Each structure stands twice: as structure tokens, then as C-alpha cells.
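Colleague: coordinates only, sequence not included:
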């Protein structure tokens, strides 16, 4: 098994904002993310390790200021209890690199009722080939 990267390695790989969000469980400023209004077809991948996390087919405009999805690629994410900031939430993390991505809520528009609220800076986008 490969040893995880050191925090020094992460600081070299990630931007300051990405490091704050993905390694220190921060939150980007709403309505500022580069992928918030992206409408192209493809996959959203982890900005740290390139794991496929979400499909554009499940993205929707939640009005919250962060990219939102109704479904996730459950092979590549993990959900953890988060009781920080005097709130009870469910954290969404990349299973491979343990990067913090955002949170999932039970107020989504689809049949499953899920809204994966994800920091745009924790994602990269890979456009589908036509």
C-alpha cells in the first residue's frame, strides 16, 4: 500500500484555497467557484487525485452558491458524521485521498432526496468526448 502524501506535498500540489478546503475542511466563498455554472457534459473529478466523483447528469442549480448533485459515485466517496460548528451534518470525502469535498443534505429535488453540496475548488471537470 502506498503511503499517504505529507502535508508539505499537499501544500505544493494544491492552491492555497484548495488546501484550506480539501485538507483543513474549509468552505469556499459561495457563488465564486469556477464550476458553479458549468453546464457541459462530463465528469467531475477530485482535484487532488483525479477520482471520478460526480456525473454532469446529476448536477443541478440548488441556488446555494456551490455545485450541487443528486447522486455521487459511491465507489469513490465516503460519508462521515460531522458535528463541527454546532451542527449535525454528513461530510463528503474522496475515498482515495481523503480530501474534504463538502456535505450531503436530505433536501434534494430527486427521488432519493439528496443534495451533495460540493466546493467547486475541490473538483476538476473532464468533458465528455462527443
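Modeller: Ah, there it is. Not measured: the values here are computed from a predicted model. Residues are numbered from 1 along each chain as shown.
Colleague: secondary structure element for the residue nearest in space to the middle of the chain?
Modeller: Geometric centre of the chain, nearest residue: residue 101, 3.3 Å, by C-alpha atoms, centre = their mean. Using DSSP states H and E, residue 101 sits within strand 100-105.
Colleague: List of residues touching the lowest-mean-pLDDT helix or strand in the chain?
Modeller: Lowest by mean pLDDT, DSSP states H and E among the helices and strands of the chain is helix 7-13, with a mean of 88. By C-beta atoms under 8 Å, 6 or more residues apart in numbering, the surrounding residues in contact with helix 7-13 are 5, 19, 22, 23, 48. Every residue, glycine included, has its C-beta placed from N, CA and C.
Colleague: Which of those residues ranks first by neighbour count?
Modeller: Highest neighbour count within the contacts of helix 7-13: residue 22, with 26 neighbours (other C-beta atoms under 10 Å).
Colleague: on that earlier part again, for the residue nearest to the centre of the chain, what are its contacts?
Modeller: 22, 46, 53, 77, 92, 93, 94, 118, 119, 122, 123.
Colleague: Let's see that with 10 Å instead.
Modeller: 21-22, 25, 44, 46-48, 53-54, 72, 77-78, 91-94, 116-119, 121-123 (C-beta atoms under 10 Å, 6 or more residues apart in numbering).
Colleague: what do you get for residue 15?
Modeller: Contacts of residue 15 (C-beta under 10 Å, 6+ apart): 21, 22, 47, 121.
Colleague: Where does pLDDT dip in this structure?
Modeller: Applying pLDDT under 70 to the chain flags the ranges 1-4, 85-86, 130.
Colleague: Show me where it has its strands.
Modeller: Along the chain, counting by DSSP state E, strands occupy 42-46, 52-55, 59-60, 68-69, 77-82, 89-94, 100-105, 115-118, 123-127.
Colleague: Give the other helices and strands that the fifth one contacts.
Modeller: When you say that, I think you mean strand 77-82. strand 52-55, strand 89-94, strand 100-105, strand 115-118 (3 or more C-beta pairs under 10 Å, 6 or more residues apart in numbering; DSSP states H and E).
Colleague: All set now, cheers.
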